[in-house]
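In: The sequence and its predicted three-dimensional model are supplied below.
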Amino acid sequence: MHKPILSHAGNSRSAFNKEHASQDEWSSFNNSKISRSELPILHLSVDKKDSDPADWKYFNTVEIFFKTFERIFRINQVNILVHWRDYMALSIGEANLDWYQETIESHSPSYSWEEAKDIIRKHFENPAKAIEMFGRLLSSKQRNNETVSDFTARFNRLAQTAQCTDSNMLARIYINSLHDDLNLHIRTVLSSNYGATFLQDINSIREVEKLASGLEVHKHQPHAASAPYKNPKKTKEF
């Protein structure tokens, strides 16, 4: 009966030791200078606009941005626990600078790096943002000149920000978001292979993407040979 308590205590000690090991690592760094050109800028891919500069780098999640930001500090041997504040002001992005200065930079007493990360994370990945992104996911459509591969990458970024994992429902939304002719072709192929229950039997976007990519190649190369789609539950080919 006492095992879960002991297990919980062990997990707490492990987290405590890990945190202090990380603090020891940062404390061993004595430099304070990082070139501005090395710093990542917090541009999230879901907010990408056609008018954005072509050389901007985008991050799928805030967490990936944090890992990149911390890696730059490690490479330059700068203690992030001491120097994060000024450098984050350069990395937060112009559109977010006022919010950062009012919410984090001017706060007294000063936030720790972990506290600041939590505030930034909640600001960019809050439930309202996820709901907004889910709405954009539902209304997303493959663009006229957009390849299946490019659209799938964009669709998956939206799904990630909307906190949607790969599933039957996400695969249905994906099918509906493809070009109308490709959408119809996929439905025809899946119906022929799975039968009337094909919507219930698709488990992943990856299954549909593989089929869509094959159909896209066949459309542009009508005389090219293409591998038949195989239902894992059947051996029928078409």
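Out: Sure, I can see it. As the structure is a computational prediction, the values presented were derived from the model and not from experiment.
In: Can you tell me the centre-most residue of this structure?
Out: The chain has Asn60 as the residue nearest its centroid, 3.6 Å off, counting by Cα atoms, centre = their mean.
In: What does that residue show for phi and psi?
Out: Main-chain torsions, Asn60, degrees, to the nearest 10: phi -70, psi -30.
In: okay, it: pLDDT?
Out: On pLDDT, Asn60 comes in at 83.
In: what do you get for the one 10 residues further on?
Out: Confidence per residue is given as pLDDT, and for Glu70 that number is 96.
In: Equivalent analysis for Trp56, please.
Out: 86.
In: any idea which helix or strand comes after the least confident helix or strand in the chain by mean pLDDT?
Out: Here the helix or strand of the chain ranked lowest by mean pLDDT, DSSP states H and E is helix 3-27, holding a mean of 57. Heading C-terminal from helix 3-27, the first helix or strand you meet, by DSSP states H and E, is helix 62-75.
In: I'd like the next helix or strand past that next one.
Out: By DSSP H and E, the next helix or strand past helix 62-75 is helix 80-91.
In: quick revisit: pretty sure the residue nearest to the centre of the chain is touching Lys48, no?
Out: No: using Cβ atoms under 8 Å, Asn60 makes no contact with Lys48, being 10.8 Å away. Every residue, glycine included, has its C-beta placed from N, CA and C.
In: Break the chain down into its structural domains.
Out: 1-29, 31-124, 127-220 (automatic domain parsing).
In: any weak-confidence spans in this structure?
Out: 1-21, 46, 217-238 (pLDDT under 70).
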